[in-house]
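Participant: The amino acid sequence is not available; the structure is as follows:
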């Protein structure tokens, strides 16, 4: 299996994804009226998505409303109370995110794993950065968008989730790195 290799830099309230040293996408988040928002930009710094993070108290779940060109594209919704599985339907394609132990996260497209984020990578090229492995470079935009959703509100890569135990995270049956 030949995987595409990317590097994500997380600084304060921004994320930037690089292919070698070429910026592909970036995102920046801010807070307003009790909600978090993020803008996702292409390499030319043009806004391509706007995301609003909301907690639905009555359903006890996190929802990320995604807009493209001022039109609601879809919503990324947590599927369990532990907030370790999220799903979204875009153009009749179902994407699912699973948060694993050892600081890893996987994205599935119609049940097939397309991306793995490794936040604990210690290789010299990735020290202090997030390693992103992709099955197909054409899925980079959606993978980065979904990752940006989950990182809204984190000030730096060393922030930890509220999950009390690694045992509560989803198993990673097919680790890529």
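Facilitator: Done, it's in. None of these values were measured; they are calculated from a predicted model.
Participant: Excluding sequence neighbours, find me the nearest residue to residue 9.
Facilitator: Of all residues not flanking residue 9 in the chain, residue 16 sits nearest, at 4.7 Å (CB to CB, 6 or more residues apart in numbering). From N, CA and C alone the C-beta is placed, and that goes for glycine too.
Participant: Would you mind measuring from the one you found to residue 151?
Facilitator: As defined by CB to CB, to the nearest Å, residue 16 lies at a distance of 12 Å from residue 151.
Participant: tell me the secondary structure for the residue nearest to the spatial centre of the chain?
Facilitator: Nearest to the mean C-alpha position of the chain, counting by CA atoms, centre = their mean, stands residue 147 at 0.8 Å. Recorded secondary structure, residue 147: helix (DSSP: H, G, I helix; E, B strand; the rest coil).
Participant: Now do the contacts for it.
Facilitator: Counting by CB atoms under 8 Å, 6 or more residues apart in numbering, residue 147 touches 8, 15, 105, 107, 117, 132.
Participant: So the residue located most distally from the centre of the chain: helix, strand or coil?
Facilitator: Ranking residues of the chain by C-alpha distance from their mean position (CA atoms, centre = their mean) puts residue 58 at the top, at 24.6 Å. Under three-state DSSP, residue 58 falls in the coil class.
Participant: Helices of this structure, residue ranges please.
Facilitator: With DSSP state H, the ranges of helices along the chain come out as 140-151.
Participant: Low-confidence bits of it, can you list those?
Facilitator: Scanning the chain for pLDDT under 70 picks out 122-127, 155-173, 175-177.
Participant: hang on, the earlier thing: please state the backbone phi and psi of the residue farthest from the centre of the chain?
Facilitator: Backbone geometry at residue 58, expressed as degrees, to the nearest 10, gives phi -70, psi -20.
Participant: Could you check how far the nearest residue to residue 66 once chain neighbours are set aside is from residue 83?
Facilitator: What sits nearest to residue 66 in space, not counting adjacent residues and going by CB to CB, 6+ apart, is residue 73, at 4.7 Å. Separation of residue 73 from residue 83 (CB to CB): 21 Å.
Participant: Check residue 137 too.
Facilitator: Distance of residue 137 to residue 83, given as CB to CB: 29 Å.
Participant: contact partners of stretch 36-44?
Facilitator: Residues outside stretch 36-44 that contact it (CB under 8 Å, 6+ apart): 22-31, 47-53, 144-145, 148-149, 152-153.
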